[in-house]
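Trainee: With the sequence up front, the predicted model follows.
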Amino acid sequence: MSATWEDLVEGSGPEPRGYGPLTRTDFVRYQGASGDFNPIHHDEEFAASAGYPGVFSVGMLQAGILATYCTEWLGTEHVRRFAVQFREQVWPGDRLVCSATVASRHNSGGARTVDLDLLVTRVESGGTAIKGAATFVVP
């Protein structure tokens, strides 16, 4: 873990990190790993028939990128809660930026935890792909 209890003050967080541009290959690779083979994420004709301009990412791909960003900062073994809301679709070519901010700190009964506000933004549109929250224990 690269952050100490003293580092984790409200409003602080790690440097935002960029990812991408994401490709159709990234989408398909995630589909293979997750077992989610919905053709809307890899078949142009299917996506068009459903009214979309093209294929778009499985939302859990962005959630996984966000989780990795958080756990590289605070450690996988320290996750206590991780929740996301999918806000915007992510398209081939999108670049993403993950950010986290300490929303609150708790120290009760010897258990120290931090609650985080999380975002994944799309560089090209400035829109929010994911809004989330997490809780980590801090040893």
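Mentor: Right, received. Where do you want to start? Numbers count the residues shown, from 1 in each chain.
Trainee: where in this structure is pLDDT low?
Mentor: By pLDDT under 70, the low-scoring segments of the chain are 1.
Trainee: Please report phi then psi for E88.
Mentor: phi -140, psi 150 (degrees, to the nearest 10).
Trainee: pretty sure it is touching T128, no?
Mentor: Yes. In this structure, E88 is within contact of T128 by C-beta atoms under 8 Å, at 6.2 Å. Every C-beta, even on glycine, is put in place using the N, C-alpha and C of the backbone.
Trainee: Find the residues that touch each one of these two.
Mentor: Applying C-beta atoms under 8 Å, 6 or more residues apart in numbering, one finds that E88 and T128 are jointly contacted by R122.
Trainee: Please say which of these two ends up with more neighbours.
Mentor: Using other C-beta atoms under 10 Å as the criterion, E88 and T128 rank with E88 on top: 17 against 14.
Trainee: quick one: contacts for the more buried one?
Mentor: Here E88 is in contact with 122, 125, 127-129 (criterion: C-beta under 8 Å, 6+ apart).
Trainee: most remote residue from the chain's center?
Mentor: G109 (30.5 Å; C-alpha atoms, centre = their mean).
Trainee: now the strands for this structure?
Mentor: With strands called from DSSP state E, the chain shows them at 17-19, 79-86, 96-108, 111-122, 128-137.
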